[in-house]
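In: structure for this input, please:
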Amino acid sequence: TVAWKNPASGLAGTFTPLGAASLREERLCRAFLSEVGSDEAMRGIGCVDRRGEWAVLDVAPLKRG
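Out: Residues are numbered from 1 along each chain as shown. Okay, the predicted model is just below:
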């Protein structure tokens, strides 16, 4: 789990990887859970781009229940 904070907005949260990494369209990708504060969670997929940086490919609200 990696913590993050945006000093401009004051928002903070975490990114937690889910499962193993896999190849998707010849890019290394991994599912993740992102939480902002204590009441908002998103699930998505991030992939390494051509510059070697992680970029969000897909994200949606996490349905709790």
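In: any low-confidence regions in this protein?
Out: Scanning the chain with the threshold set as pLDDT under 70 gives 64-65.
In: which residue lies nearest the spatial centre of it?
Out: Among the residues of the chain, the one closest to the centroid is Phe32, at 4.5 Å (C-alpha atoms, centre = their mean).
In: give me the element that residue is part of.
Out: Take DSSP states H and E as the rule and Phe32 turns out to sit in strand 27-36.
In: can I get the helix or strand just after that strand in CSV? Just the C-alpha atoms.
Out: The first helix or strand that comes after strand 27-36 along the chain, using DSSP H and E, is strand 40-48. Extracted C-alpha coordinates of strand 40-48, given in CSV (Å, rounded to 0.1, in the frame of the first residue of the first chain):
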residue,chain,number,x,y,z
GLU,A,40,-14.7,6.9,-1.0
ALA,A,41,-13.1,3.9,-2.8
MET,A,42,-12.3,3.1,-6.4
ARG,A,43,-11.1,0.0,-8.1
GLY,A,44,-9.1,0.1,-11.3
ILE,A,45,-6.2,-1.0,-13.5
GLY,A,46,-2.9,0.8,-13.8
CYS,A,47,-0.3,0.0,-16.5
VAL,A,48,3.3,1.1,-17.1
